[in-house]
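Visitor: the following comprises the amino acid sequence and a computationally predicted model.
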2 protein chains.
Amino acid sequence: MNITDVKRVLIGEPFPTSMEMHERLDKIRALAIFASDPISSNAYATEAIMGVLIVLGSGAIALTLPVGLAVVSLVLLVIFSYVQTILHYPGGGGAYMVAKDNLGTVPSLFAAAALLSDYALTVSVSVSAGVRAITSAFPEAFHYRIEIALVAILLITWVNLRGVRESGTIFAIPTYAFIGGGILVIVIGMVRYFGMFGAPPIEITQVNIAAQSSPVGFAFVWIILRAFAGGCTALTGIEAISDGVQAFKPPESKNAATTMIAMGITAMSLFIGITFLSTHIGLVPNEAESILSQMTRRIAGPGFLYYWVQIFTALILLLAANTGYQDFPRLSSFLAADSFMPRWLKNRGDRLVYSSGIVMLAVISSLLVIVFRADEIAMLPLYALGVMLSFSLSQFGMFKLMGKVAKLKPGESMKTNVTEIHYEKHTLWKRILNAVGAFVTFVVFIVLLTTKFKEGAWVVALAIPVLMAMFYTVHRHYDRVAAALSTVGLTEASVNEVADVVIVPVGDIHRGTLLALTYAKRISNDVRAITVVTSPEMKDRFLTRWKKFPHITDGIELSLLEYDFRDVLVPLVDYIEHVNKTEFCDKLCTVVVPEFIPEKKAAAVLHNQTANRLRSRLIDNKDIVIIEVPFHIDSQLERIACETEETPNVDVVEENTEE
Amino acid sequence: MNITDVKRVLIGEPFPTSMEMHERLDKIRALAIFASDPISSNAYATEAIMGVLIVLGSGAIALTLPVGLAVVSLVLLVIFSYVQTILHYPGGGGAYMVAKDNLGTVPSLFAAAALLSDYALTVSVSVSAGVRAITSAFPEAFHYRIEIALVAILLITWVNLRGVRESGTIFAIPTYAFIGGGILVIVIGMVRYFGMFGAPPIEITQVNIAAQSSPVGFAFVWIILRAFAGGCTALTGIEAISDGVQAFKPPESKNAATTMIAMGITAMSLFIGITFLSTHIGLVPNEAESILSQMTRRIAGPGFLYYWVQIFTALILLLAANTGYQDFPRLSSFLAADSFMPRWLKNRGDRLVYSSGIVMLAVISSLLVIVFRADEIAMLPLYALGVMLSFSLSQFGMFKLMGKVAKLKPGESMKTNVTEIHYEKHTLWKRILNAVGAFVTFVVFIVLLTTKFKEGAWVVALAIPVLMAMFYTVHRHYDRVAAALSTVGLTEASVNEVADVVIVPVGDIHRGTLLALTYAKRISNDVRAITVVTSPEMKDRFLTRWKKFPHITDGIELSLLEYDFRDVLVPLVDYIEHVNKTEFCDKLCTVVVPEFIPEKKAAAVLHNQTANRLRSRLIDNKDIVIIEVPFHIDSQLERIACETEETPNVDVVEENTEE
């Protein structure tokens, strides 16, 4: 079983490119695949708000709902903005495309760097959080948490490499199971809280926590802002769909926009429901048990529904990683198409997914898991920062795009660099909403950056410029390559001339070198064999053997290079470069080297690798072409066996078979 | 500073091959370089005998001297035998050569395997013992013992790579300092013990140890045998000179034999002196302090001489490793010359030493140090076993050689496979001595194998057959290569025909592919360009660009391969193999591929490496020659800059610059 067979078994048969449409996602699968990240945020978003407010004492816990509603408003604003993005940029690309089209290259690369680091963190944070849920249940597994996390990344990578449609099918179950369980708990909670249908009333705890501080004025506002910023973690991942519009079945934009809205409604319903119930029944953050777990237990009792929600919370946290797998490879492909990342990132693999990007993401997030020892708490401060930056840039970009749209008269349309815009109504209102969204997300970005800077946000603040420098380095390289390859102004003189000369370094006369000499004579009229001699006996022996095969050696100019050191490549390289520089300056000269191909690759270690070493010494010489004429040991033995009835009489002593 | 400059600074300028004689060793340096192992054995040989006898109680300690004298007799026998070897095999090669010439291939490989594992162990045991001396003085360094040992190996490797003469000079000081210090202590000890020159009498302890067992008959003999075998550790390394006769200045044999005798006398004088004094002044083995240290302190007091002996004991133990560095590479070169090890082991490096063997030994002994955590006690049972086996084989071989010599009449001489023998006298006595030596060393081998088997001798018992299997595998490979390369029975039809066809896979039309096409036209009259098209637009675009450069593309047959998957190498390989198999069966076909050479090697990661991937897919096809025509980005840019006054107008959108 060779490597291709292994690939077939693991990944499946390759899809033809024309089947691309068949691999597109319907809305049901798309919701599951793109929404796992924002929906899973409900496992901790409410708690993130409460955790900040609690320093103000029990009275302030009641502020959780208003802060939560403010978060919901912002989410709705952002979703509105991204629906606009989806409709105006049906090719996908999200914040990167919007910023590139409206704000310029630098802001677009800021957005791209922010999102790429965020997607990698999404994977490592989600997987680590999922593994924590497992190790909470089985404490003995804690010692192996890094290994478990790496296996989880491997599994998610594997499923994603099998194709986007297949991963959509696999990941749909936990997402919908979590949504269903969550909504059921909220409905039961509401029914019991409001005493509808004669339901048994729910137990309500009286919260009594002394305030750790009673700040006034700006300090109070700052705490509210921090609580708000904490709640904004619920926003991570909602941009995912805008990046991947082209993953949807046609009409792409319409389906993507519908899915985006459905995702917003689902995620926010869960968020409001959980926030309302947990504050009204008097829950407080508790290190030992999450708010979601407390709430489910209080409402549904420790029965089947409780375990259902717990199990699927763990699973959806794990699968939130999948959002990163959707967007990192896709965004990389956009950057690669614009020459800011290696070109091969824009090639699709056998199953029509961006395999290289998927593997790259798996490697980066695995490294993050190892460096942070699968501790998602340590990684959280790095997270959400990039999302907010990209939100802000994206909405500012939409604000500018709407400015252009506003100038169009009914029926008019115009082309921007990447898309086409038409006349539309209500541009003023759209601009206002985008401006507000851009401003608020920017404020959240600043709040997160300042409050979390020491805890680790500096890592992201450092990573973004490093990534941008990388983008520019790559771009500059491709620019130079394009300039060198450009056929603009190409004349006949522009292409190097090829000299009619072939140099053949020969160690000894045997079937391998004779084959190389034969090959050289076929391709050139001026063949020059060179050999290094270190003693008079060696010289005589070589000449005797050379003369034994006149049907091959006749017409070849032989040079014997005398050399008193062991590194025979030195005189060979000197000779070749001398010929190239003096006789055939600026023309391509050819060197033919016999290359042994043993039956087993490992046997290469038994040979001198002269051809490879010669190649590496000559690589900087721009005018040398090296041809390795392969000499396959096993097929040669078959050939000899055919020629002679008896086994050949091998004269090992006489023949120096060194490569 | 490139890699060659670094090498110059570390190793020094290369020596010309003709300077080889200048690098040879005089007797003073040779003694230092070859004798550090046997002479350093005095640090523990006496103790090894006592350590066994002590179970019989204090009375048996007195047996140390007789047992020691038996060891000395054996050493003299072995030295006698090796002097014979040196004189009869002036080319060197020791036990391996003697066994090969007189006993056959299998025994010679047994000897070689035994010695190679022993030399590697010599290095790791000696270095670890030296490091223990350091960590005894500085206990805080114990935690870093493995690192210190590895650094020591690195240093010894470095000095050896600089040349045998240079290492001889550097290692002479500690060897002679140890010999001088040791002899001085023994002389003072003797003077004081026998009360000569009115010297103050030495303190004599009354030893009173109860016997742990009072064995009779065979059990008693067995204990004496074990004590004898323990004392034989003093023999390790005495074969070293016989391997390296060619390292001596001429007359090689005579100088080597003289040095061998000088080494025997020095080592045995120290051994008898230490054994006599330590038993007569009543020393007993003691975990905390070695016998040598106890003796020196009792005789010379805790003054300058004591510290001198202690320091140089540590140093000579460390440098005993050097004996391994002399013989492992040399023995490997003999084996490589006979095709039992990779051929490159017989090539000398820039400084005329067997660099590859030195580096290989450094790697193996470093691994041993790491595996055994620099614990020489754990490695000792593995040690000495191989030496005894090679002694026995070598002396048995000399016994057989002397049998041939005995048949010669005065004035006669005959050639064996590797040497020439002449008539000589006293062959009967020589045969008897060799036979006794072979028998006794074989008995010691059996005793060591059985008593130390569980303690670790099984590792060597396992390593020797594994090494022999390796030797045979390598030999078989070279045999096949030699058979394939053999020109015996070579006819004109034997060399593959070369087809006049060149296939050029082309991704797009740019300066790189145009250069490849130009090259292909130079070397063949039948050039076929192939390109993979995945859409009608791509096809049209390609054809348009193809027609733009008629001065290059005219006369080239273009095939467009339509393909609906992403792995474009599949149709390319299919096409190439189809042409090769149908049109040019059993002839060499040529494929020309443009190869990008970016300014920096790291930039290769930004390209698709099509040439390399194509090469690896076609490597198993014996009749394909792949030519990579290099396209240097930077020199091409210079060329373009010369052609046009202004910077070229790069039309990046139009050109697909992917490799």
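Guide: Thanks, I have the structure now.
Visitor: below-threshold pLDDT in the stretch 151-300 of chain A: ranges please.
Guide: In the predicted model, the stretch 151-300 of chain A carries pLDDT under 70 at residues A:210-211, A:287.
Visitor: show me the strands in it, by range?
Guide: Using DSSP state E, counting those that start in this stretch, no strands are found in the stretch 151-300 of chain A.
Visitor: how about A:Y354: what's its closest non-neighbour residue?
Guide: Excluding its sequence neighbours, the residue lying closest to A:Y354 (Cβ to Cβ, 6 or more residues apart in numbering or on different chains) is A:P329, at 3.6 Å. From N, CA and C alone the C-beta is placed, and that goes for glycine too.
Visitor: the longest strand in chain A is where?
Guide: strand A:587-597 (DSSP state E).
Visitor: paired strands for it, with orientation please.
Guide: Based on DSSP bridges, the pairing partners of strand A:587-597 within the sheet are strand A:497-505 (parallel), strand A:624-632 (parallel).
Visitor: now mean neighbour count, mean pLDDT and distance to B:N160 too, for the ones you listed, in a markdown table please.
Guide: Formatted as a markdown table, those follow (neighbours: other Cβ atoms under 10 Å in any protein chain shown; pLDDT from 0 to 100; distance: least, Cβ to Cβ, whole Å):
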| stretch | mean neighbour count | mean pLDDT | distance to B:N160 |
| --- | --- | --- | --- |
| strand A:497-505 | 22 | 91 | 31 |
| strand A:624-632 | 23 | 88 | 35 |
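Visitor: out of the ones you listed, flag the one nearest B:G237.
Guide: strand A:497-505 (42.9 Å; Cβ to Cβ).
Visitor: what's the spacing between A:K581 and B:N160?
Guide: To B:N160, A:K581 is 39 Å away according to Cβ to Cβ, to the nearest Å.
Visitor: which one's more surrounded, these two?
Guide: A direct count of neighbours by other Cβ atoms under 10 Å in any protein chain shown for A:K581 and B:N160 places B:N160 higher, at 29 against 13.
Visitor: does the more buried one touch B:N322 like I think?
Guide: Yes: look at B:N160 against B:N322 with Cβ atoms under 8 Å: they come within range, at 7.3 Å.
Visitor: point out where the stretch 551-659 of chain A drops to low pLDDT.
Guide: A:643-659.
Visitor: who in the stretch 401-550 of chain A is up against chain B?
Guide: By Cβ under 8 Å from any Cβ of the partner chain, the residues of the stretch 401-550 of chain A that approach chain B are A:474, A:477-496, A:498, A:500, A:509-512, A:514-515, A:518-519, A:522-524, A:534, A:545, A:548-549.
Visitor: among those, name the buried ones.
Guide: A:474, A:477-478, A:480-487, A:490, A:495-496, A:498, A:500, A:509-512, A:514-515, A:518-519, A:522-524, A:534, A:545, A:549 (16 or more other Cβ atoms under 10 Å in any protein chain shown).
Visitor: sitting in strands, which of those residues do you find?
Guide: Those of those lying in strands (DSSP E): A:498, A:500.
Visitor: in the stretch 251-400 of chain A, what residue lies closest to chain B?
Guide: In the stretch 251-400 of chain A, the residue that lies nearest chain B is A:P342 (4.8 Å; Cβ to the nearest Cβ).
Visitor: what sits against that residue?
Guide: A:336, A:356, A:474, B:605-606 (Cβ atoms under 8 Å, 6 or more residues apart in numbering or on different chains).
Visitor: pLDDT score for it?
Guide: With respect to pLDDT, A:P342 scores 92.
Visitor: so which elements touch whichever strand or helix holds the residue nearest to A:Y354?
Guide: A:P329 belongs to helix A:321-337 when assigned by DSSP states H and E. Packing partners of helix A:321-337 (3 or more Cβ pairs under 8 Å, 6 or more residues apart in numbering or on different chains; DSSP states H and E): helix A:27-40, helix A:94-102, helix A:105-137, helix A:145-161, helix A:164-193, helix A:240-243, helix A:355-371.
Visitor: and the fourth one, what does it pack against?
Guide: Right, helix A:145-161. helix A:3-11, helix A:105-137, helix A:164-193, helix A:304-319, helix A:321-337, helix A:355-371.
Visitor: rerun that using 6 Å as the cut-off
Guide: In terms of contacts (3 or more Cβ pairs under 6 Å, 6 or more residues apart in numbering or on different chains; DSSP states H and E), helix A:145-161 is packed against helix A:105-137, helix A:164-193, helix A:355-371.
Visitor: who wins for proximity to B:L74 among these?
Guide: Comparing those by Cβ to Cβ, helix A:355-371 comes nearest, at 57.9 Å.
Visitor: buried ones in that closest one?
Guide: Result for helix A:355-371 [16+ other Cβ under 10 Å]: buried residues A:355-358, A:360-362, A:364-366, A:368-369.
Visitor: domain parsing for chain A?
Guide: Annotated domains of chain A cover A:3-480, A:497-643 [automatic domain parsing].
Visitor: dump these to CSV, plus distance to B:R431.
Guide: As requested, those are exported to CSV (distance: least, Cβ to Cβ, whole Å):
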stretch, distance to B:R431
domain A:3-480, 62
domain A:497-643, 38
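Visitor: which stretch among the ones you listed is buried most, on average?
Guide: domain A:3-480 (a mean of 20; mean count of other Cβ atoms under 10 Å in any protein chain shown).
Visitor: start to end distance for that domain?
Guide: 36 Å (Cα to Cα, to the nearest Å).
Visitor: how far does it sit from the chain's center?
Guide: Between the centre of domain A:3-480 and the centre of its chain there are 16 Å (Cα atoms, centre = their mean, to the nearest Å).
Visitor: quick one: contacts for A:L121?
Guide: A:L121 is in contact with A:382-383, counting by Cβ atoms under 6 Å, 6 or more residues apart in numbering or on different chains.
Visitor: now with 10 Å?
Guide: By Cβ atoms under 10 Å, 6 or more residues apart in numbering or on different chains, the contact set of A:L121 is A:236, A:324, A:364-365, A:368, A:372, A:376, A:379-380, A:382-387, A:459-460, A:463.
Visitor: A:A113 too?
Guide: Going by Cβ under 10 Å, 6+ apart, the list of residues near A:A113 reads A:96, A:335, A:340, A:386, A:389-390, A:460, A:463-471.
Visitor: do A:A199 as well
Guide: Counting by Cβ under 10 Å, 6+ apart, A:A199 has contacts A:188-193.
Visitor: give me the phi and psi for it.
Guide: phi -70, psi 150 (degrees, to the nearest 10).
Visitor: and it, how far from chain B?
Guide: 58 Å (Cβ to the nearest Cβ, to the nearest Å).
Visitor: one more: A:L543?
Guide: Taking Cβ to the nearest Cβ, one finds A:L543 at 15 Å from chain B.
Visitor: verify the stated contact: A:Q326 with A:E239.
Guide: No: using Cβ atoms under 10 Å, A:Q326 is not in contact with A:E239; the gap is 11.2 Å.
Visitor: which neighbours do the two share?
Guide: A:34, A:37.
Visitor: hmm, back to that, what's the closest of the strands paired with strand A:587-597 to A:M19?
Guide: Here strand A:624-632 is closest among the strands paired with strand A:587-597 (Cβ to Cβ), at 37.8 Å.
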